[in-house]
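Peer 1: Structure of the sequence below:
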Amino acid sequence: MYPYILSIHIIFVVCWFAGLFYMVRLFIYHTEAQEKPEPDKTILSTQFELMERKLWYIITVPSMVFVLAAGITMLIIVPGWLKQPWMQIKLCFVAGLLAYHFVCRHQMKQMARGVFKWTSTRLRIWNEVATLFLFAIVFLAVLKDALNWIYGTFGLILLAIILMIAVKIYKRIRAKS
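Peer 2: Numbering: from 1, shown residues only. As a prediction, this is how the structure comes out:
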């Protein structure tokens, strides 16, 4: 039974992250559409709002629910994992990912009301935060090693720096063209 639940967990982790990654990409396009002249701005905004709602309620939220249900089920089957340091750290990252998820929900609702507080550059950086959660969670789940989490943290910081540099380079290249 456990391998089936693990498989469901992994499948829906992939779907959840795909939803989160694409959602923020839609936020970027939606934000940039605000700079377009009318009627393009209205047409694009309407389309992005529709796409965001469908992605959120058809893929992202159900995937999150299945991930959590399968994860909790696995912890019920193997309760000893809750005593493992790697699992405790992983669950902290999962809590962070849940916070990320709900910040995205808040962003989506703000944009639907016509409130655009974040720039497309800030949204690009925000998109990379999910990448950091993905790396941390996968490495902890696969390696099951919390002893080297300090090295992992430095690795994540280095990855974050590289991603930020990539975003800045992309912004410069885009500004030139």
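
Peer 1: quick one, helices of the chain?
Peer 2: 2-33, 40-54, 61-77, 85-112, 120-143, 149-176 (DSSP state H).

Peer 1: Any stretches of the chain with poor pLDDT?
Peer 2: For the chain, the stretches flagged by pLDDT under 70 are 146-150.

Peer 1: Repeat the analysis, applying 80 as the threshold.
Peer 2: Low-confidence segments of the chain (pLDDT under 80): 145-157, 159-160, 167, 171, 174, 177.

Peer 1: which residue is nearest the centroid of it?
Peer 2: Geometric centre of the chain, nearest residue: residue 130, 3.7 Å, by C-alpha atoms, centre = their mean.

Peer 1: In contact with it, which residues are there?
Peer 2: Residue 130 makes contacts with 17, 20, 21, 24, 97, 100, as judged by C-beta atoms under 8 Å, 6 or more residues apart in numbering. C-beta here means a position set from N, CA and C on the backbone, and glycine is covered the same way.

Peer 1: so which of those residues comes closest to residue 72?
Peer 2: For these, the closest approach to residue 72 (C-beta to C-beta) belongs to residue 97, at 15.0 Å.

Peer 1: That closest one contacts residue 133, correct?
Peer 2: Yes - between residue 97 and residue 133 a contact is recorded at 4.6 Å, counting by C-beta atoms under 8 Å.

Peer 1: okay, these two: which has more neighbours?
Peer 2: Applying other C-beta atoms under 10 Å to residue 97 and residue 133 shows that residue 97 carries more neighbours, namely 23 against 20.

Peer 1: biggest separation within the contacts of residue 130, which pair?
Peer 2: Largest separation among the contacts of residue 130 by C-beta to C-beta: 24 and 97, giving 13.2 Å.

Peer 1: rewinding a little: going by distance to residue 155, which of the contacts of residue 130 wins?
Peer 2: Within the contacts of residue 130, proximity to residue 155 (C-beta to C-beta) peaks at residue 97, which comes in at 17.9 Å.
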